[in-house]
Structure formats: C-alpha cells, structure tokens
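Visitor: Coordinates for the following, if possible.
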Amino acid sequence: MTIPTIDARGQLCPKPLILAKKALNDPATGPEFLLLIDNATAKENVERFLADNKVPFRTVQKGNEYHLTVSRIEKPVIAATDEYCPVTPEAARGAHIICITGETMGRGDEVLGAVLMKGFVNTIKEIEPLPRRIVFYNGGVKLALDDSPLLPALRELETRGVELLICGTCADFYKVKERVAVGRISNMYDILGALTGASKVVCP
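Guide: Numbers count the residues shown, from 1 in each chain. Model prediction:
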C-alpha cells in the first residue's frame, strides 16, 4: 500500500521538522507517512524530535537521502520546534513572531482595516527574514478559513517554512474549526511557548 510522502529534500531545519509536525497532527495523513530529507543535521533533529515525543519511526539511508517512515500517534505533538532547531545568532532576526488578533488592522473604519490587513499579510512574504511563526487568535482565526481572501498568501508563507498556529479555543468559539484551511490548530500552551521563546513579537 502506498503511504503519503512528504518531500523535504533541499530544505534546511526547521522546515523538515515543521512538515513532520504538521503531518503528525493531521488525521488526514493516515496511520503513517514517508518523510524524505537530504540534510544530515535536519534528519538528526527530526529523529530526536520524534524520539522525544515517543513517535515510532525507522530511517533508511539511500545515497545522500534519508527516508523516514513515521507512524502517527493519537495524541497531538506539541513540542516546541525551536528546541530542536535552535536559532543561531546569524538567524536571530528571523526568530520573530507575528500575532494576528482580528480580521482588520488598526481601529476605525472596518473596510479600511480589512484592506490594510490584506496588504499587511501579502507584504510579509516580501520581507527578509520571514517570521518563524504567525499566531492567529480571537477573530484572527477567520483569516485562515476556506473562504479567506488571504489564503493564497498564507499558504505561500507556510510552504516557505513559516509555521501558522491557529487558536483551537477561538476556532471552537466561532464554530469554524472544520473550515480552517491552512496552518495547524493549536492550544494556549503551544502558543504561549512560541510567544515567550520569540526574539520579538509583532502585533499589527
């Protein structure tokens, strides 16, 4: 039987780890998946992350590639990514986090605020370095839904290694959890750990 394959070749840490973590937390992944890595350091970090979370896996080296067959576990994996891919001094500026708390930016006219938020999110992908994570809570979770006009920009950020954390309590409150189309449903423990471990927190 063919199992889902996640191709993280050519990606440096934390991207392979973020992809593995996302797959482990997504029931749609199935009982197991194959993770392809061609970077020894990233492979070692992913293996340590899986072992610490008691996730069964086996690694086979094929040339310069590492093929990790990973079995999903029932409980969510919430270990912080930074513990396994620490931020080097050279990359410290990229360890910032952006918090989005609503559908609009600033106070005043909501139509204007929506225009500003769209411009803000679309501009994130143009800056260097990219944020390590974007956290969505309260009304901000609605920007990650299946009908959000910002979905293409958010998906691009995610493919470029930005981890998107969606507040599960907020999604439940608005009754939209089933419509979250990007990022990962998270919890306050994980969100607080991300915020306290960031070099800087930006809230538009």
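
Visitor: Distance of E128 relative to K177?
Guide: 33 Å (CB to CB, to the nearest Å). C-beta: built from backbone N, CA, C; applies to glycine.

Visitor: and those two? which has more neighbours close in?
Guide: Ranked by neighbour count (other CB atoms under 10 Å), E128 and K177 place K177 first, with 16 against 7.

Visitor: and that one, what does it touch?
Guide: Neighbouring residues of K177 by CB atoms under 8 Å, 6 or more residues apart in numbering: G168, A171, I185.

Visitor: for the last one, which residues make a bridge with it?
Guide: Just to be clear, that refers to I185. With DSSP bridges as the criterion, I185 is bridged to I166.

Visitor: For it, the count of nearby residues, please.
Guide: I185 has 20 nearby residues by other CB under 10 Å.

Visitor: Per-residue pLDDT of it, please?
Guide: What the model reports for I185 is a pLDDT of 90.

Visitor: Enumerate every residue touching it.
Guide: Contacts of I185 by CB under 8 Å, 6+ apart are N25, I166, G168, A171, K177.

Visitor: Cross-reference those residues with the strands and report the matches.
Guide: If you go by DSSP state E, those have I166 in strands.

Visitor: wait, doesn't C170 sit right on V135?
Guide: No - if you go by CB atoms under 8 Å, C170 and V135 don't touch, sitting 10.6 Å apart.

Visitor: Look at stretch 95-105 and report the distance between its end residues.
Guide: Start to finish, the residues bounding stretch 95-105 are 23 Å apart (CA to CA, to the nearest Å).

Visitor: got the contact list for that stretch?
Guide: With CB under 8 Å, 6+ apart as the criterion, stretch 95-105 contacts 82, 87, 110, 112-114, 116-117, 120-121, 124, 131-140, 142-143, 194-195, 197-204.

Visitor: quick check: mean pLDDT across it?
Guide: Stretch 95-105 shows a mean pLDDT of 91.

Visitor: Show me the domain layout of this protein.
Guide: Domain assignment for the chain by automatic domain parsing gives 5-82, 87-202.

Visitor: Check which helices and strands the helix ranked longest in the chain is in contact with.
Guide: Longest helix in the chain by number of residues (criterion: DSSP state H): helix 110-124. Under the contact definition 3 or more CB pairs under 8 Å, 6 or more residues apart in numbering; DSSP states H and E, helix 110-124 sits against strand 97-100, helix 151-159.

Visitor: Partner strands of the next helix or strand after that helix and their direction?
Guide: Using DSSP states H and E, the helix or strand that follows helix 110-124 in sequence is strand 133-136. Applying DSSP bridges, strand 133-136 is found paired with strand 97-100 (parallel), strand 163-167 (parallel).
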